[in-house]
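Peer 1: output the structure for:
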Amino acid sequence: MFVPAAGLPWFVALFGRDTLIVSLQTMIVYPEFAAGALEILGQYQAKARDDYRDAEPGKILHELRYGELAHFKLIPHTPYYGTADATPLYLVALHAAWRATGDHTLIERHLPNAEACLTWIDEYGDRDGDGFQEYQTRSTAGYENMAWKDSGDAVMYPDGTLVHGPKALCELQGYVYDAWLRMAEIYDELGNKRRANRLRKKAAILFKRFNEVFWDETSGFYAFALDGDKRKVLSVASNVGQCLWSGIIAPERAAIVVKRLMQKDMWSGWGIRTLSADHPSFNPYNYQTGAVWPHDNSLIALGMRRYGFAAEAAAVARDISGAASHFLLNQLPELYAGLQREPTSFPVQYLGANVPQAWAAASPFMLLQAMLGIDQDAPRGKLYVDPALPDWLPDVTLTDLRLGRRVFDIRFWRDGKQTVFKVLRGNRDAVEARAVSTMSQRPG
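Peer 2: Sure, this is the predicted structure:
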């Protein structure tokens, strides 16, 4: 059993969020990562409240460390549970692993963990009962920010001052929305229609409320977050792009979101920045206030494709792959500077970046998934594709593409303005063309 660590040299440790996102990114080639992540993270799922470790029943850990500091409890990473997103992402990964492998025993084995995750989302993730997910540390040694942008300066108002909590970040709402829909499909599989319908109803309510409350008519964009007073934080950041991946963006506003992310202040030419270059806190060399993260871009690109924006998804893929060519051994670092791409410029690695780093290394698989419209449905024995190759990548062959125990080699190539495909190895009848827009009617 294998579980990916976050990266070298700083983060060779068990993480919640990182491990689960890497598992999702690599699902088309190595679903065993997801199986390992679900197993090990499930074993460490919190059973009781422990404020020093920000633990609550059902919560998935953030980080586990060993050594003197951990042994003497001088740090809370024993494990530490200060993450608001690993718990819904556990549910997303469980569903995706089942769809990729068709292994019903995965559901049976991890259903108690999933039930505990669902309870945590309702009872602890939504701290004030308003229907949204918020976070705020209870620990004297806890993290200020508990989403993927977890640096202390990552969440700020448009004037640059730091946001006070509890904070309800936009992508957290998307993760929960997606998790509820995915778990509804799992309960359908288990024959529990009542539970499935209840989760779909909750998801529909969250979708409606999110699009009412987080949308800002004046700026014409979604809020980055709600602060502790439920005021919209209107800083323009990449987080809204991950809401495309989750499917919580209203379809009629998807084009607005994509267009905004592709404007020059957000789109550097080497990828989408974490923060707008027009923001007073913008620093292209800073960790999460201006730098470019490959994994963030891979999730955004898959979200763009989900809503039908194939050209934009491919543009992001070209940015990231082009950046990789400037680094040693073509290895993508954890992050690099959000400098504007010019004819004579090149991407600059963040000084403390992990290389290799798991979710940066896994990003190309998800970018390929976005361009090729790959959707695994192993329970029904189908591999759906909707390829849309750009002119800069006219011909690509995937080998060892996974669907349950089956393995496929498939060639995709441009024929005029269309992309066609041929199954070179594996059951041809199992591979079907189906529009991504059809796939986006359900999670996956």
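Peer 1: can you tell me the helix or strand for residue 410?
Peer 2: When elements are assigned from DSSP states H and E, residue 410 belongs to strand 406-415.
Peer 1: show me what contacts residue 172?
Peer 2: For residue 172, the contact set (Cβ atoms under 8 Å, 6 or more residues apart in numbering) comprises 84-85, 88, 125, 132-133, 135, 147. All C-beta spots, glycine's among them, are computed from the backbone N, C-alpha and C.
Peer 1: of those residues - the most surrounded one?
Peer 2: Highest neighbour count within these: residue 84, with 33 neighbours (other Cβ atoms under 10 Å).
Peer 1: isn't that residue up against residue 146?
Peer 2: Yes. Look at residue 84 against residue 146 with Cβ atoms under 8 Å: they come within range, at 4.4 Å.
Peer 1: mutual contacts of the two, please.
Peer 2: Applying Cβ under 8 Å, 6+ apart, one finds that residue 84 and residue 146 are jointly contacted by residue 135.
Peer 1: what mean pLDDT does stretch 231-240 get?
Peer 2: Throughout stretch 231-240, pLDDT has a mean value of 98.
Peer 1: next, the distance between the ends of that stretch.
Peer 2: End-to-end span of stretch 231-240 (Cα to Cα, to the nearest Å): 17 Å.
Peer 1: show me what that stretch is in contact with.
Peer 2: Residues contacting stretch 231-240 (Cβ under 8 Å, 6+ apart): 147, 149, 155-158, 163, 167, 169-171, 214, 216, 219, 221-227, 249, 257, 260-261, 265-266, 272-276, 278-279, 281, 293, 296, 300.
Peer 1: in helices only, show me those.
Peer 2: Secondary structure from DSSP state H places 170-171, 257, 260-261, 296, 300 of the contacts of stretch 231-240 in helices.
Peer 1: tell me where the stretch 301-444 of the chain has helices.
Peer 2: Counting by DSSP state H, counting those that start in this stretch, the stretch 301-444 of the chain has helices at residues 310-324, 358-361, 363-372, 436-439.
Peer 1: right, and these - which one's nearest residue 79?
Peer 2: Residue 79 lies closest to helix 358-361 among the helices of the stretch 301-444 of the chain, at 17.7 Å (Cβ to Cβ).
Peer 1: now that closest one: mean pLDDT?
Peer 2: 97.
Peer 1: just give me the neighbour total for the residue lying closest to residue 39 once chain neighbours are set aside.
Peer 2: Nearest-residue entry for residue 39: residue 1, 6.3 Å, with adjacent residues in sequence omitted and distances by Cβ to Cβ, 6 or more residues apart in numbering. As a burial measure, residue 1 scores 9 neighbours (other Cβ under 10 Å).
Peer 1: contacts only, for residue 1.
Peer 2: Listed by Cβ under 8 Å, 6+ apart, the contact partners of residue 1 are 32, 35-36, 39-40.
Peer 1: could you check the pLDDT of it?
Peer 2: At residue 1, pLDDT is 82.
Peer 1: ditto for residue 249
Peer 2: We note a pLDDT of 98 for residue 249 in this prediction.
Peer 1: quick check on the contacts of stretch 231-240: which are buried?
Peer 2: Among those, those classed as buried by 16 or more other Cβ atoms under 10 Å are 147, 149, 155-158, 163, 167, 169-171, 214, 221-227, 249, 257, 260-261, 265-266, 272-276, 279, 281, 293, 296, 300.
Peer 1: how about the CA coordinates for stretch 17-33, as PDB?
Peer 2: C-alpha atoms of stretch 17-33 as PDB (Å, rounded to 0.1, in the frame of the first residue of the first chain):
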ATOM      1  CA  ARG A  17      -5.300  17.600   1.800                       C
ATOM      2  CA  ASP A  18      -2.100  17.000  -0.200                       C
ATOM      3  CA  THR A  19      -2.400  13.200  -0.200                       C
ATOM      4  CA  LEU A  20      -6.100  13.400  -1.300                       C
ATOM      5  CA  ILE A  21      -5.500  15.900  -4.100                       C
ATOM      6  CA  VAL A  22      -2.600  13.900  -5.500                       C
ATOM      7  CA  SER A  23      -4.800  10.800  -5.400                       C
ATOM      8  CA  LEU A  24      -7.400  12.600  -7.400                       C
ATOM      9  CA  GLN A  25      -4.800  14.000  -9.900                       C
ATOM     10  CA  THR A  26      -3.400  10.600 -10.600                       C
ATOM     11  CA  MET A  27      -6.600   8.600 -10.600                       C
ATOM     12  CA  ILE A  28      -6.400   7.800 -14.400                       C
ATOM     13  CA  VAL A  29      -3.000   6.100 -14.000                       C
ATOM     14  CA  TYR A  30      -2.600   5.000 -10.400                       C
ATOM     15  CA  PRO A  31      -5.800   4.700  -8.300                       C
ATOM     16  CA  GLU A  32      -3.800   2.700  -5.700                       C
ATOM     17  CA  PHE A  33      -2.700   6.100  -4.300                       C
END
